[in-house]
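Peer 1: sequence below, structure please.
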Amino acid sequence: MYSDRLEPTPRSETDIRKVSLTDLVRMKRQGHKIAAVTAYDAPSGRLADLAGIDCVLVGDSAVMTMFGRDSTVSATMDEILLLTRAVAGGVRRALVIADMPFGAYQVSDVSAVENAIRFVKDAGADAVKLEGAGTSTSRAAAIVAAGIPVVGHLGLTPQSATLLGGYKAQGRSAEQAQRLCDDAVALERAGCFAIVLEAIPAAVASHISDAVRVPTIGIGAGASCDGQILVWHDLLGLSDGHVARFVKRYATLSDEILVALRNYASDVRTLRFPEERHTYSMPQLELDLFKAANGRPA
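Peer 2: Below is the predicted model:
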């Protein structure tokens, strides 16, 4: 179905140069779109690098896609730290951004900075992301002042989905749209180097993208954003059940994996696996000695 698309091109050691914050700003200024994706392990990070992805977000969405939970609220620091460390182990070029889970930055500026430091120092993240504005603006400013890059997140913010009335589009009234614009400007002033815009009208996202100098990364926010991001499992067809309307699936890997697993199980049960080429041998003399030592004829 996608045979007309580009094939992945392996990169040599000399091709690898870390994506920087200035690279992203320059891309916005020159009109070059930023490609971002979530990832939760080293192999995914490595593949994102090979594909030329610019930013890899270790999202707290992992607890839904990877752990089968109903929301992101239950994500813990230890869980996201572990996943961030795994992704950073596979990424050489892309900017690695760690999602700060619920409770990691809400309490105070001090605790927010302490937790952000853990993501950079212990897990190898290049930057952190936090949701909302209001007090989050203060948290972002404090983290940036500590020397850690921050990504903001406006619109549908999953950690506060209950307050927002559920997982639905935001900013659909003039008042809400204006608040999002004001919040985006506030986050930029706080020092955020990029802002994720999730599930908001395309016209509002376009206005915000023009109003701020930092890149906007859209997910369900239209084509006028400076970049786009999708969840790894959604775009590869690994998600189970309903996906949001803004998701485009570029593969249906769940079907291929299911076929492969069924074929494997069948081969095991019918003795078609393992074959001779899948096994190891030993010198005949050593085998004879082993059998003799165990009372078996050579």
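Peer 1: and L154, bridged to which residues?
Peer 2: For L154, the beta-bridge partners are L197 (DSSP bridges).
Peer 1: contacts only, for it.
Peer 2: Neighbouring residues of L154 by CB atoms under 8 Å, 6 or more residues apart in numbering: 132-133, 180, 183-184, 187, 195-198, 200, 208. In this view, the C-beta of every residue, glycine as well, is placed from N, C-alpha and C.
Peer 1: let's see 6 Å
Peer 2: 180, 183, 197 (CB atoms under 6 Å, 6 or more residues apart in numbering).
Peer 1: out of those residues, which is nearest to G147?
Peer 2: Checking those against G147 by CB to CB gives D183 as the nearest, at 23.9 Å.
Peer 1: without its sequence neighbours, what residue ends up closest to that closest one?
Peer 2: Residue nearest to D183 in three dimensions, not counting chain neighbours: A133, with 3.5 Å by CB to CB, 6 or more residues apart in numbering.
Peer 1: who touches stretch 37-53?
Peer 2: Stretch 37-53 has contacts (CB under 6 Å, 6+ apart) with 8, 35, 56-57, 59, 62, 66, 83, 86-87, 89-94, 231-232.
Peer 1: from these, which land in helices?
Peer 2: Using DSSP state H, 62, 83, 86-87, 89-90, 232 are the members of the contacts of stretch 37-53 that sit in helices.
Peer 1: most neighbours among the contacts of L154, which one?
Peer 2: The most crowded member of those is L197, carrying 31 neighbours; neighbours defined as other CB atoms under 10 Å.
Peer 1: before we move on, the earlier item: make CSV out of the contacts of L154 and add pLDDT.
Peer 2: Compiled in CSV, the contacts of L154 are given as follows (pLDDT from 0 to 100):
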residue, pLDDT
L180, 96
D183, 97
L197, 97
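Peer 1: with distance to V150 added, can I get those residues in a markdown table?
Peer 2: Formatted as a markdown table, the contacts of L154 follow (distance: CB to CB, whole Å):
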| residue | distance to V150 |
| --- | --- |
| L180 | 18 |
| D183 | 14 |
| L197 | 15 |
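Peer 1: in the chain, where is pLDDT below threshold?
Peer 2: 1-15, 160-167, 298 (pLDDT under 70).
Peer 1: which residue, other than its chain neighbours, is closest to the residue nearest the centre of it?
Peer 2: By CA atoms, centre = their mean, the chain has its centre lying nearest to T38, at 1.6 Å. If the residues on either side of it in the chain are set aside, T38 comes closest to G59, at 4.4 Å by CB to CB, 6+ apart.
Peer 1: can you tell me the SS state at A203?
Peer 2: Reducing the assignment at A203 to three states with DSSP: H, G, I helix; E, B strand; the rest coil gives helix.
Peer 1: any idea how far the closest residue to it other than its chain neighbours is from F246?
Peer 2: For A203, ignoring the flanking residues on the chain, the nearest one in space by CB to CB, 6+ apart is G222 at 7.6 Å. The spacing between G222 and F246, counted by CB to CB, to the nearest Å, is 9 Å.
Peer 1: check G191 too.
Peer 2: Computed as CB to CB, the G191 to F246 distance reads 28 Å.
Peer 1: can you check I16 too?
Peer 2: Separation of I16 from F246 (CB to CB): 31 Å.
Peer 1: those two: who's more crowded?
Peer 2: Comparing I16 with F246 by neighbour count (other CB under 10 Å), the higher total belongs to F246, at 16 against 10.
Peer 1: identify the residue spatially nearest to that one, adjacent ones excluded.
Peer 2: G220 (3.3 Å).
Peer 1: my guess is the one you found contacts A199. True?
Peer 2: Yes: if you go by CB atoms under 6 Å, G220 and A199 touch, sitting 4.2 Å apart.
Peer 1: let's verify the closest residue to D267 other than its chain neighbours: helix, strand, or coil?
Peer 2: Nearest residue to D267, sequence neighbours excluded (CB to CB, 6+ apart): F273, at 3.7 Å. Of the three states, F273 takes coil under three-state DSSP.
Peer 1: how close does F273 get to Y280?
Peer 2: Distance from F273 to Y280, by CB to CB: 15 Å.
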